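Visitor: missing the sequence, but the structure's below:
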């Protein structure tokens with residue numbers, strides 16, 4: 001690397017860092033818009049109303065919610081939602097009923113995408129995990145209880 005190129009790169013990086021720290025350069029145009037009403041709600045019904053405009057979802061056997069019956073570490077509970085048997089999946093939301101803010105995540109899908117997500121969520125105690133799928137005008141759900149243990153010894 002040439003000395004001149006190195007000095008130019010260092011100067012540009014330093015100037016950018018100063019601009020960011022001074023608040024002159026902000027990433028606000030890059031950040032995605034988020035639904036603050038849904039994500040700050042205190043109940044599952046409020047969260048569903050904030051996302052979908054309704055809290056009424058019907059149980060569906062077409063949604064396969066895969067979660068452990070016993071999660072030894074509530075900080076990294078693996079959850080998978082498979083709604084590939086449903087046509088026209090527009091979005092999937094995962095909620096943990098007793099978390100202080102129950103809406104954990106919401107995924108929006110393109111028309112040709114398959115309705116499948118896999119993630120890890122944080123749970124503070126034993127509770128129900130809900131997967132809510134929006135397909136067309138329908139809200140469908142699957143629910144499963146996950147027991148969170150402390151240190152893997154029960155609790």
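Guide: That came through fine. Predicted model, so just to flag it, every value in this text is computed and none were measured. Numbering: from 1, shown residues only.
Visitor: what secondary structure does the spatially most central residue of the chain sit in?
Guide: Centroid-nearest residue in the chain: residue 105, 1.9 Å away (criterion: CA atoms, centre = their mean). Using DSSP: H, G, I helix; E, B strand; the rest coil, the secondary structure recorded for residue 105 is strand.
Visitor: any idea how far it lies from residue 129?
Guide: Noted for residue 105: a distance of 12 Å to residue 129, by CB to CB, to the nearest Å. Any C-beta I mention is one placed from the backbone N, CA and C, and that applies to glycine too.
Visitor: give the residues shared as contacts by these two.
Guide: Applying CB atoms under 8 Å, 6 or more residues apart in numbering, one finds that residue 105 and residue 129 are jointly contacted by 94, 121.
Visitor: all strands of the chain, in order?
Guide: With strands called from DSSP state E, the chain shows them at 58-59, 64-66, 70-71, 77-82, 89-96, 103-108, 116-121, 127-135, 138-148.
Visitor: what is the first one packed up against?
Guide: Right, strand 58-59. strand 138-148 (3 or more CB pairs under 8 Å, 6 or more residues apart in numbering; DSSP states H and E).
Visitor: counting neighbours, what do you get for residue 138?
Guide: Applying other CB atoms under 10 Å, we find 13 residues neighbouring residue 138.
Visitor: any chance of the strands of the chain in a markdown table, plus distance to residue 44 and mean pLDDT?
Guide: Shown next, in a markdown table, are these (distance: least, CB to CB, whole Å; pLDDT from 0 to 100):
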| stretch | distance to residue 44 | mean pLDDT |
| --- | --- | --- |
| strand 58-59 | 14 | 94 |
| strand 64-66 | 15 | 96 |
| strand 70-71 | 19 | 92 |
| strand 77-82 | 15 | 95 |
| strand 89-96 | 5 | 95 |
| strand 103-108 | 8 | 93 |
| strand 116-121 | 14 | 95 |
| strand 127-135 | 6 | 95 |
| strand 138-148 | 10 | 95 |
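Visitor: want to throw the ones you listed into a markdown table with distance to residue 39?
Guide: Shown next, in a markdown table, are the strands of the chain (distance: least, CB to CB, whole Å):
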| stretch | distance to residue 39 |
| --- | --- |
| strand 58-59 | 24 |
| strand 64-66 | 21 |
| strand 70-71 | 22 |
| strand 77-82 | 17 |
| strand 89-96 | 11 |
| strand 103-108 | 5 |
| strand 116-121 | 14 |
| strand 127-135 | 14 |
| strand 138-148 | 18 |
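Visitor: perfect, I'm done here.
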